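Peer 1: mind folding the following:
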Amino acid sequence: MRRLFTVLTVAFAVVSFSSMVSAQVATQTQKPKVAAVKVATPVALSASGTVAKFDEATKTLTVTTKTGDKDFTLAADAKIMVGAKAAVAGDLVAGKNVKVTYATVDGKHVASKVTIAAEKK
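Peer 2: Model prediction:
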C-alpha cells in the first residue's frame with residue numbers, strides 16, 4: 001500500500017511539474033501584440049477636358065477642364081490609350097478630348113493613365 005502511495009505521489013509530482021514547465025514555455029513563446037498601422041495609399045483622381053498642349057521633352061500635359069487649365073506630369077509607366085487601344089505620347093495633340101487618371105505627389109499631379117476619346121466615324 002505504501003508503495004502504491006509513493007508511486008501515485010511521484011506520478012502526481014511529475015504531471016504537475018510538466019504542466020508548469022509547458023505553461024512557462026507557452027508564455028515565453030507568445031509573440032507580443034503589435035498595433036496595426038494603416039498606411040495611406042494614394043487616391044486615384046481623374047480630370048476630363050481638352051488637351052491644351054503637350055511637351056514631349058518634359059512629359060508635361062496641360063488639359064483645359066471646366067475649372068481651368070491643369071498641368072500633369074506623365075509617370076514613367078503611364079498608359080496612353082485611344083479608347084480601349086494603346087497609343088503613344090505623340091497622340092496627345094491639342095484639341096483632343098482626354099480623361100486623365102492621376103495622383104497628387106509632392107503637390108504635383110502625376111498622371112498614371114491618359115485616355116484619349118476615340119473619334120466617332
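Peer 1: tell me, how many residues neighbour residue 63?
Peer 2: By other C-beta atoms under 10 Å, the residues close to residue 63 number 26. Any C-beta I mention is one placed from the backbone N, CA and C, and that applies to glycine too.
Peer 1: what's the answer for residue 60, then?
Peer 2: By other C-beta under 10 Å, 14 other residues sit near residue 60.
Peer 1: contacts only, for it.
Peer 2: Taking C-beta atoms under 8 Å, 6 or more residues apart in numbering, we find residue 60 in contact with 54, 71-74.
Peer 1: for these, which one is nearest residue 44?
Peer 2: For the contacts of residue 60, the residue nearest residue 44 by C-beta to C-beta is residue 72; the value is 13.2 Å.
Peer 1: report the beta-bridge partners for residue 74.
Peer 2: Listed beta-bridge partners, residue 74: residue 111 (assigned using DSSP bridges).
Peer 1: please disregard the earlier target; I meant residue 82.
Peer 2: residue 85, residue 116.
Peer 1: that one reaches residue 91, doesn't it?
Peer 2: Yes: counting by C-beta atoms under 8 Å, residue 82 does reach residue 91; the two are 6.2 Å apart.
Peer 1: what do those two both touch?
Peer 2: By C-beta under 8 Å, 6+ apart, the residues touching both residue 82 and residue 91 are residue 116.
Peer 1: picking up where we left off before, can you flag the buried ones in the contacts of residue 60?
Peer 2: 54, 72-74 (16 or more other C-beta atoms under 10 Å).
Peer 1: spatially, which two of those residues are the most separated?
Peer 2: 54 and 73 (11.2 Å).
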